[in-house]
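Student: Give me coordinates for this.
(2 chains)
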Amino acid sequence: KNQVEQSPQSLIILEGKNCTLQCNYTVSPFSNLRWYKQDTGRGPVSLTIMTFSENTKSNGRYTATLDADTKQSSLHITASQLSDSASYICVVSPYNQGGKLIFGQGTELSVKP
Amino acid sequence: GAVVSQHPSWVICKSGTSVKIECRSLDFQATTMFWYRQFPKQSLMLMATSNEGSKATYEQGVEKDKFLINHASLTLSTLTVTSAHPEDSSFYICSALDPGVDTQYFGPGTRLTVL
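Tutor: Sure, this is the predicted structure:
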């Protein structure tokens, strides 16, 4: 069964600190893996997208990594800001499934001053 | 980046009424749009896949007669919640697939509250 599992479920960090969110998946084969940021009451916004052949992708203070052998991905946030408080969702797109996505449950990040 | 809009952003209605939510891709043509539902503290749950010019494909457990989907053009899909009840209160999010980059872009969501 295609699954995407994220850890931790929630995380509290102080402003300015770094953090790393984890994503394990069983989806195979897959077209790409994405990390989304979802603010409360808003739709998800794409942060990074990686194909199975890519190992890392950066977008400002966000850096995603992908290990296709171990089926793991991580999202590293550097120098966190209060506005980083949100849910971060790992999403895998199975190959040849008409665009359907497999969502992780998300990590709820809270950045405190 | 590509923009997907939803209207309305929030709606409050009485039980038994119908509510229509629009999803538009503003700067690309989307042959496929998706409708999701999200409960508090939970991830997005796919309700149906909408293909332009054809009937929508509903996920198991989603009533097609209750959640009517129309995808009449390459930039517009609508979701109509018929005879809404309080248990239909939720956050509804659409996405549009840009085939050129094989990426789904999400709308900002619609908060539905049924009294």
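
Student: use CA for all of it now, contacts and neighbours both
Tutor: Fine.

Student: Tell me the spacing between B:Thr17 and chain A.
Tutor: Noted for B:Thr17: a distance of 23 Å to chain A, by CA to the nearest CA, to the nearest Å.

Student: Quick check: A:Ala64 vs B:Leu74, distance?
Tutor: For A:Ala64, the distance to B:Leu74 (CA to CA, to the nearest Å) stands at 32 Å.

Student: ok, the two, which is more surrounded?
Tutor: For the pair A:Ala64 and B:Leu74, the greater number of neighbours falls to A:Ala64 (24 against 18), based on other CA atoms under 10 Å in any protein chain shown.

Student: nearest spatial neighbour of that one, skipping sequence neighbours?
Tutor: Closest residue to A:Ala64 apart from its sequence neighbours, by CA to CA, 6 or more residues apart in numbering or on different chains: A:Leu75 at 4.4 Å.

Student: likewise B:Thr82?
Tutor: Closest to B:Thr82 by CA to CA, 6+ apart is B:Ser18, at 4.4 Å.

Student: I figured that neighbour hits B:Thr80, correct?
Tutor: Yes. Assessed by CA atoms under 8 Å, B:Ser18 is found in contact with B:Thr80 at 6.7 Å.

Student: got the residues of chain A near chain B?
Tutor: Contacts of chain A with chain B, taken as CA under 8 Å from any CA of the partner chain, map to A:Gly41, A:Arg42, A:Gly43, A:Pro44, A:Val45, A:Ser46, A:Gly99, A:Phe103, A:Gly104, A:Gln105, A:Gly106.

Student: Put the buried members of these into a PyMOL selection.
Tutor: To isolate the buried members of the residues of chain A next to chain B in PyMOL, using 16 or more other CA atoms under 10 Å in any protein chain shown:
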select buried, chain A and resi 42+43+44+45+46+99+103+104+105+106
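
Student: Quick check: the gap between B:Thr82 and chain A.
Tutor: 23 Å.

Student: Return the residues in contact with that residue.
Tutor: B:Thr82 is in contact with B:Gly16, B:Thr17, B:Ser18, B:Val19, B:Asp65, B:Lys66, B:Phe67, B:Leu68, counting by CA atoms under 8 Å, 6 or more residues apart in numbering or on different chains.

Student: what would those look like in CSV with secondary structure?
Tutor: Below are the contacts of B:Thr82 laid out as CSV (DSSP: H, G, I helix; E, B strand; the rest coil):
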residue, secondary structure
B:Gly16, coil
B:Thr17, coil
B:Ser18, coil
B:Val19, strand
B:Asp65, coil
B:Lys66, coil
B:Phe67, strand
B:Leu68, strand
